[in-house]
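[1] I would like to see how this sequence folds:
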Amino acid sequence: MIDEERPPPRLPMDEGREHLMVQVARLAWQQDRTQTEIAAETGLNRWQVSRLLQEARELGIVRIEIVPRLRRRPDVEAALIGVFSLRDAMVVPATAGPDAVAQATGQYLAAIKPRPRLVGVSWGRTMAAVAHWLPPDWADGVKVVQINGTVAPIPQAAGYNEVAETFARKGRGTFVPLPVPAVVGERITREVLECDRIVADVLRLARSAPVLCFSMGALSEDAALVLSGNVTPAEIAKLARAGAVGDILGRYVDAQGDIVDEALDARTVGLSLPDLKARDRAIGVVSGPAKRRITLAALRAGLINVIVTDEETAAFALEHVHDR
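    I've put the predicted structure just below:
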């Protein structure tokens with residue numbers, strides 16, 4: 001008989017003990033099991049279970065984070081869904097703070113049922129913030145694939161190209177990068193790259209993902225595509241003169257969501273705009289005044305069927321939906 005009153009000797013810290021600590025923590029915080037139930041399942045006593053849970057917190061294996069639920073604007077969400085025939089919408093108040101849209105996206109992804117097995121993601125500042133706010137264990141064994149080409153590292157912009165990896169790590173899964181530039185110098189270069197077996201396999205996987213999550217870019221010389229050298233300032237100026245309002249996965253579109261520069265688009269690596277329309281969930285994550293016009297364009301063209309955004313961006317889209 002185990003003596004519950006007298007604490008048994010502490011188990012030595014080794015790989016086996018750490019594995020046991022993780023097992024006990026998962027039973028407690030993921031499955032809501034009581035310490036008595038955990039003790040019965042693991043062969044420990046309640047004191048040992050309690051001690052392991054305490055150590056898990058002290059060592060950082062378990063982190064308790066208090067994240068208040070975001071306030072939402074269900075009236076604006078319903079209007080967006082009705083006007084643009086969306087599957088879903090999340091709209092956070094303008095006063096919710098700079099990371100509110102990213103936090104809301106993390107909550108939305110974690111709430112998808114059944115849990116997704118394959119998710120495609122883009123990169124960038126917004127998506128890095130989403131990855132940060134994704135709760136641990138938001139999925140279980142998910143495969144995360146990058147859906148557009150990447151950019152060279154940018155100073156003071158950590159996390160740009162680590163989005164898929166972070167999504168996968170937090171979802172206890174694996175990630176598949178797309179290790180090619182977002183925009184190449186010549187059309188023939190893109191065609192050769194996309195014929196490569198490795199690149200072709202990644203793109204084929206991306207096109208099969210039922211859930212896509214991506215941000216949109218403003219037409220700006222401060223955009224990552226420009227700062228990294230993938231697109232030149234002269235090309236941005238030319239796009240602006242042609243009526244471009246921003247980019248979706250590096251593909252620059254006008255106010256109706258149509259490609260502005262076919263030659264530039266032919267040099268862009270990743271999912272095409274038609275690829276976005278056949279997804280179960282094509283989740284557009286966007287906020288801020290600079291991205292209102294590209295948001296409206298994506299909604300008009302049906303390139304997203306789920307939107308996570310701020311109240312002011314949503315209001316802009318609803319107010320200008322019938323503008324020519």
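[2] which helices and strands sit right next to the helix or strand bottoming out on mean pLDDT in the chain?
    Using mean pLDDT, DSSP states H and E, helix 15-29 stands out as the lowest-scoring helix or strand of the chain, at a mean of 85. When contacts are defined as 3 or more CB pairs under 8 Å, 6 or more residues apart in numbering; DSSP states H and E, helix 15-29 sits against helix 35-42, helix 46-58. C-beta here means a position set from N, CA and C on the backbone, and glycine is covered the same way.
[3] Just tell me which of those ends up closest to Pro135.
    helix 46-58 (16.8 Å; CB to CB).
[4] Skip ahead from that closest one and say which helix or strand is next.
    Per DSSP states H and E, helix 46-58 leads on to helix 74-84 as the next helix or strand towards the C-terminus.
[5] tell me what that next one is packed against?
    Helices and strands touching helix 74-84, by 3+ CB pairs under 8 Å, 6+ apart, are strand 88-92, helix 292-300, helix 311-319.
[6] residue ranges of the strands in the protein, please?
    Taking DSSP state E to define them, one finds strands in the chain at 88-92, 118-121, 143-146, 174-176, 211-218, 246-248, 251-253, 281-285, 306-310.
[7] wait, which of the ones you listed is closest to Ile61?
    strand 174-176 (21.3 Å).
[8] Could you give the average pLDDT over that closest one?
    Taken as a whole, strand 174-176 has a mean pLDDT of 96.
[9] Next: stretch 232-247.
    Averaged over stretch 232-247, pLDDT sits at 96.
[10] now stretch 255-275
    On average, stretch 255-275 scores 97.
[11] Export only the CA atoms of that stretch, formatted as CSV.
    Once non-C-alpha atoms are left out, stretch 255-275 reads as follows in CSV (Å, rounded to 0.1, in the frame of the first residue of the first chain):
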residue,chain,number,x,y,z
ALA,A,255,-9.6,47.1,-57.1
GLN,A,256,-11.6,44.3,-58.6
GLY,A,257,-9.1,41.7,-57.7
ASP,A,258,-7.7,41.2,-61.2
ILE,A,259,-4.0,40.8,-62.0
VAL,A,260,-2.5,44.1,-63.0
ASP,A,261,0.8,43.1,-64.6
GLU,A,262,0.8,39.7,-66.3
ALA,A,263,4.5,39.7,-66.9
LEU,A,264,5.3,40.3,-63.2
ASP,A,265,2.7,37.7,-62.2
ALA,A,266,4.4,35.2,-64.5
ARG,A,267,7.6,35.6,-62.5
THR,A,268,5.8,34.9,-59.2
VAL,A,269,6.2,31.5,-57.5
GLY,A,270,3.4,30.0,-55.4
LEU,A,271,-0.3,29.4,-55.5
SER,A,272,-2.2,31.4,-58.1
LEU,A,273,-5.3,33.4,-57.4
PRO,A,274,-7.7,30.8,-58.9
ASP,A,275,-6.1,28.2,-56.5
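[12] Gly217: how many residues sit nearby?
    Per other CB atoms under 10 Å, the neighbour tally for Gly217 reads 25.
[13] Just the pLDDT for it.
    On pLDDT, Gly217 comes in at 94.
[14] contacting residues for it?
    Neighbouring residues of Gly217 by CB atoms under 8 Å, 6 or more residues apart in numbering: Gly124, Ala223, Ala224, Leu225, Gly246, Asp247, Ile248, Gly250, Lys291, Ile294.
[15] Could you rerun that using 7 Å?
    Ala223, Leu225, Gly246, Asp247, Ile294 (CB atoms under 7 Å, 6 or more residues apart in numbering).
[16] now Val92
    With CB under 7 Å, 6+ apart, Val92 has these contacts: Leu70, Arg71, Arg72, Ala100, Val101, Ala104, Asp310, Glu311.
[17] where's it relative to Val308, distance?
    Note on Val92: its distance to Val308, by CB to CB, to the nearest Å, is 8 Å.
[18] and if you look at Pro210?
    From Pro210 across to Val308, the span is 18 Å (CB to CB).
[19] before we move on, what about Pro289?
    According to CB to CB, Pro289 stands 17 Å off from Val308.
[20] before we move on, what about Gly124?
    From Gly124 to Val308 the distance is 15 Å (CB to CB).
[21] Neighbour count for the two, which is higher?
    Between Gly124 and Val308, counted using other CB under 10 Å, Val308 has the larger neighbour count: 29 against 24.
[22] The more buried one and Val91: what is the separation?
    As judged by CB to CB, Val308 and Val91 stand 8 Å apart.
[23] And Tyr252, by the same measure?
    26 Å.
[24] before we move on, what about Leu299?
    Counting by CB to CB, the gap from Leu299 to Val91 is 13 Å.
[25] just Ala206 next, same as before
    Distance from Ala206 to Val91, by CB to CB: 28 Å.
[26] Pick out whichever of the two has more residues nearby.
    When neighbours are counted by other CB under 10 Å, Ala206 and Val91 differ, and Val91 comes out ahead with 27 against 21.
[27] my guess is that one contacts Glu77, does it?
    Yes: counting by CB atoms under 7 Å, Val91 touches Glu77, with 5.0 Å between them.
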